[in-house]
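Enquirer: Prediction below, plus the sequence it came from.
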Amino acid sequence: MSIEEEASYALASWQRFDSEVTDELARAITSAFVLVAVADGDLAQSEIDRFNLLIKERASLLGPDNIDRFDQLFRDIGGAIMSDPTAGRRHALELVAAIKADATHCELVRSAAEIAIAADHRELASEQEVLGLICKAMDIETR
């Protein structure tokens with residue numbers, strides 16, 4: 001599957017998303033996105049913009065408080081990973097693993113990671129490796 005097809009599939013998953021976002025799910029989604037975004041050791045503005053767009057497009061479902069919550073989570077998790085990559089990544093994967101009992105949530109988290117891969121219009125081996133770690137943390141298979 002090409003990067004464009006993966007992104008389209010991931011966005012379609014988000015279009016079907018209509019359930020309440022728990023704190024656990026918000027942390028897992030944000031963690032997955034950030035983990036992929038920093039896989040190359042950098043947090044590109046295009047990746048930040050893509051995350052913000054993804055969340056803002058769900059404003060009617062999430063509400064303004066949740067949009068602010070996602071923004072703060074992104075800053076917190078991204079900052080933690082950038083300041084201490086080993087501990088930050090380990091914690092982010094723990095946040096991802098916390099939702100593994102819910103198949104719908106797992107699909108949303110995997111989709112968030114796939115959208116992050118497509119955000120800068122290039123697919124890196126390091127990003128695919130991180131996607132594999134994210135899926136492993138949720139006990140699901142990569143596509």
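Expert: Thanks, I have it.
Enquirer: OK, contacts around the residue nearest the centre of the chain?
Expert: Centroid check for the chain by CA atoms, centre = their mean gives F33 as the closest residue, at 2.5 Å. With contact taken as CB atoms under 8 Å, 6 or more residues apart in numbering, F33 is in contact with E47, F51, L54, F74, A112, A113, I115, A116. Placement of C-beta: from N, CA and C, glycine included.
Enquirer: Quick check: buried residues in the lengthiest helix in the chain?
Expert: The single longest helix within the chain, with elements called by DSSP state H, is helix 59-83. Buried positions in helix 59-83, judged by neighbour count with 16 or more other CB atoms under 10 Å: L62, N66, R69, F70, D71, L73, F74, I77, G78, A80, I81.
Enquirer: for stretch 81-93, same thing?
Expert: Under the neighbour-count criterion of 16+ other CB under 10 Å, stretch 81-93 has I81, G88, R89, H91, A92, L93 buried.
Enquirer: For this protein, give me the ranges with low pLDDT.
Expert: Counting by pLDDT under 70, the chain has low-confidence residues at 1-20, 59-65, 120.
Enquirer: Tell me where it has helices.
Expert: Counting by DSSP H, the helices of the chain are 3-15, 23-37, 45-56, 59-83, 85-97, 103-119, 125-137.
Enquirer: wait, isn't L73 in contact with L25?
Expert: No. Applying CB atoms under 8 Å as the test, L73 and L25 come out as separate, 10.9 Å apart.
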